[in-house]
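1. predicted structure and sequence below. I'll ask about it afterward.
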Amino acid sequence: MQFLSVTGEILLGWLFCWLIHIVSICYGFRHLYKNQGPVKQADIGDEALPGVSILKPLTGVDKNLKENLESFFTQDYPQFELLFSVPDDHDPAILVVKSLIESYPKVDAKLFIGAQDVVSNGKINNMVRPYEAAKFNIIVISDTGIKTTPTTLREMVTCMKPDVGLVLQMPYCAPRKGFGAVYQQVYFGTMQARNCLSANACNINCSTGMSCMLRREVLDKAGGLTPFGKYLAEDHFIAEGIRQQGYKVVLSTLPALQNSGNCQISDFHKRLVRWAKLRMTSLPTLIFLEPLGESVIQGAAASIAASYLLDISPLAFFIGHLLVWFLSDYILIRIVQNGPLPFSKFEFLAAWLFRETMAPYILLQGHMTHHVTWRNRKYRVKWGGEVERISEPGDELEEKVEKYQTDSDNVTVQRSSKKMVEILNSVAVTS
Ligand SMILES: CCCCCCCC/C=C\CCCCCCCC(=O)N[C@@H](CO)[C@H](O)/C=C/CCCCCCCCCCCCC
Ligand SMILES: O=c1ccn([C@@H]2O[C@H](COP(=O)(O)OP(=O)(O)O[C@H]3OC[C@@H](O)[C@H](O)[C@H]3O)[C@@H](O)[C@H]2O)c(=O)[nH]1
């Protein structure tokens, strides 16, 4: 009897997963790209559009950095300022920013060199000075790998209604070459989009901080940026802080286009493992829930339950389950892409199968340690999401001179820090 009730619960959970699929498809279809028409955009005249301060915290360069940053200089928006920041004066991004500032003298753009070291989170440290210097009440935080379109800022402002405190762009990708790029696009267009869209449809906080617009006055009431610097999942906690002030967090109708120059699968996996660690430590219930949202795990459990309860062949059930899941994901990614995919159906199938089979392994890896490497720093994440730094950039450089790899979607960055130059010089002399 008890066994029957367990199998019944498994099938109910399975049905719940299909509900998530349906909600994400319906919400995505109804919401995404809906502010794009000229009529909608013209709802707010240029004179009524608020000024926007765009914060771009940078670390290192990759081959797409110039193209990505340039897209912010060519926006169709009446009043905005670009506030770039780099952690130190040896950062190679400085050259790229300076050359763009020279090429676009009419754009109000500044570069802040040297991060303040006030909190654990390196991204927050990098944004402290530009945040303080920002002229406008509407702030955009936009990561280094984001490429924007001329209408994005207008669209986000259109979503910033009086009761809204934060507008998030759900993560997606610009089309890039190679299987790694297809894989990333399938990851963000299927599993990530499903959870992000259904969570937002149900008013559940599901944030990614790579591109978001917020009201400074609201964030300031929550203490400003720095109180969130004790977390690495600062995006999640900032959204939570804004909701606590009674403001809504809404999804922009345009997804964020990630366009980093590095599409290596191994680096992308490191980034996903880091994110998994942040989620599990910040919201431990996800340790149990997240695997249940995966097609393979859900399908295996439901097919065993169905074979006992309904006398259905488990293999036939499992294959049917995967097939419908695959088709739902295909519909969803077409909605997120807003048209035909920039790769073949076969590539979609290959990337989808790869993602579905890798997902349990990535979640498992997230459990291995609480140590996280982000850019050039190592952190230990505590239960609840707070972090402590356990290594600084200089520590590793003293140990060995090497090109270091970021654990995110960034290319291997050749850093030219003072220490590195010194060590390289000494190597050159001795060899
Ligand atoms: C019985 C079946 C139950 C199935 C439930 C399926 C639940 C799926 C759970 C989690 C999926 C998580 C994917 C969210 C992506 C978050 C991206 C991310 O990692 N971002 C980090 C980096 O930017 C960020 O720092 C982390 C923030 C924490 C985010 C926590 C999000 C929780 C969202 C839960 C969504 C559930 C959707 C259910 C809708 C009804
Ligand atoms: O030490 C750091 C780390 C990161 N950053 C900046 O932070 C931004 C995001 O960094 P990455 O691209 O490496 O990382 P992700 O795309 O994984 O970030 C994402 O996940 C973690 C969240 O806390 C971030 O808000 C989110 O953007 C970049 O603009 C990067 O330059 C710093 O300025 N200093």
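-> Sure thing, it's come through. Ligands and ions are numbered 1, 2, ... in the order given.
2. quick one: contacts for whichever residue of the stretch 151-300 of the chain sits closest to ligand 2?
-> Closest to ligand 2 within the stretch 151-300 of the chain is residue 209: 2.9 Å, counting by C-beta to the nearest ligand atom. Every C-beta, even on glycine, is put in place using the N, C-alpha and C of the backbone. Residue 209 is in contact with 141, 143, 234, 235, 236, 238, counting by C-beta atoms under 8 Å, 6 or more residues apart in numbering.
3. could you list which of these also contact ligand 2?
-> 143, 234, 235 (C-beta under 6 Å from any ligand atom).
4. the residues you listed, buried ones only, as a PyMOL selection?
-> Buried members of those, defined by 16 or more other C-beta atoms under 10 Å, are picked up in PyMOL with:
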select buried, resi 143+234+235
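5. quick check: buried residues in the helix or strand hosting residue 182?
-> If you go by DSSP states H and E, residue 182 is part of helix 179-189. If you call a residue buried by 16+ other C-beta under 10 Å, then helix 179-189 has these buried ones: 180, 181, 182, 183, 184, 185, 186, 187, 188, 189.
6. equivalent analysis for stretch 235-247, please.
-> 235, 236, 237, 238, 239, 240, 241, 242, 243, 247.
7. and which of those is nearest to ligand 1?
-> Distances from ligand 1 to the buried residues of stretch 235-247, taken by C-beta to the nearest ligand atom, are shortest for residue 236, at 3.5 Å.
8. which outside residues touch the helix or strand that contains residue 324?
-> Following DSSP H and E, one finds residue 324 within helix 314-337. Residues from elsewhere that reach helix 314-337, judged by C-beta under 8 Å, 6+ apart: 14, 21, 24-25, 28-29, 32, 170, 172, 185-186, 188-191, 193-194, 197, 255, 295-296, 298-300, 302-304, 306-307, 340-341, 348-349, 352, 356.
9. that older thread, how about the contacts of residue 209, which pair is most distant?
-> Farthest-apart pair in those is 143 and 236; separation 15.1 Å (C-beta to C-beta).
10. you'd agree residue 257 is in a strand?
-> Yes. With DSSP: H, G, I helix; E, B strand; the rest coil as the criterion, residue 257 is part of a strand.
11. didn't it look like it was pressed against residue 145?
-> No. With contacts defined as C-beta atoms under 8 Å, residue 257 does not count as touching residue 145, sitting 9.2 Å away.
12. and the residue of the stretch 1-150 of the chain found nearest ligand 1, what is it in contact with?
-> Nearest residue of the stretch 1-150 of the chain to ligand 1, counting by C-beta to the nearest ligand atom: residue 13, 3.3 Å away. By C-beta under 8 Å, 6+ apart, the contact list for residue 13 reads 292, 298, 301, 302.
13. confirm that it sits in a strand.
-> No. With three-state DSSP as the criterion, residue 13 is helix rather than part of a strand.
14. and the residue of the stretch 101-250 of the chain nearest ligand 2?
-> residue 122 (2.0 Å).
15. burial check on that residue, number of neighbours?
-> For residue 122, the neighbour count with other C-beta atoms under 10 Å is 23.
16. nearest residue to it in space, please, no chain neighbours.
-> Of all residues not flanking residue 122 in the chain, residue 377 sits nearest, at 5.5 Å (C-beta to C-beta, 6 or more residues apart in numbering).
17. spatially nearest residue to the closest residue to ligand 1 within the stretch 301-431 of the chain, not counting backbone neighbours?
-> Ligand 1 sits closest to residue 385 of the stretch 301-431 of the chain, with a gap of 8.4 Å, by C-beta to the nearest ligand atom. The spatially closest residue to residue 385, leaving aside those adjacent along the chain, is residue 282, at 3.6 Å (C-beta to C-beta, 6+ apart).
18. next one: phi and psi at that neighbour?
-> phi -80, psi -40 (degrees, to the nearest 10).
19. just to revisit the earlier point, any of the contacts of residue 13 buried? List them.
-> So, by 16+ other C-beta under 10 Å, the buried ones in these are 298, 301, 302.
20. how far away is residue 378 from residue 388?
-> Relative to residue 388, residue 378 is positioned 10 Å away (C-beta to C-beta, to the nearest Å).
21. quick revisit: can you redo the buried residues of helix 179-189 as TSV with distance to ligand 2 and pLDDT?
-> Shown next, in TSV, are these (distance: C-beta to the nearest ligand atom, whole Å; pLDDT from 0 to 100):
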residue	distance to ligand 2	pLDDT
180	15	98
181	15	98
182	19	98
183	16	98
184	11	98
185	15	98
186	17	98
187	13	98
188	11	98
189	17	98
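22. columns distance to residue 109 on top of the residues you listed, output as JSON lines?
-> Shown next, in JSON lines, are the buried residues of helix 179-189 (distance: C-beta to C-beta, whole Å):
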{"residue": "180", "distance to residue 109": "31"}
{"residue": "181", "distance to residue 109": "29"}
{"residue": "182", "distance to residue 109": "34"}
{"residue": "183", "distance to residue 109": "34"}
{"residue": "184", "distance to residue 109": "29"}
{"residue": "185", "distance to residue 109": "30"}
{"residue": "186", "distance to residue 109": "35"}
{"residue": "187", "distance to residue 109": "32"}
{"residue": "188", "distance to residue 109": "29"}
{"residue": "189", "distance to residue 109": "32"}
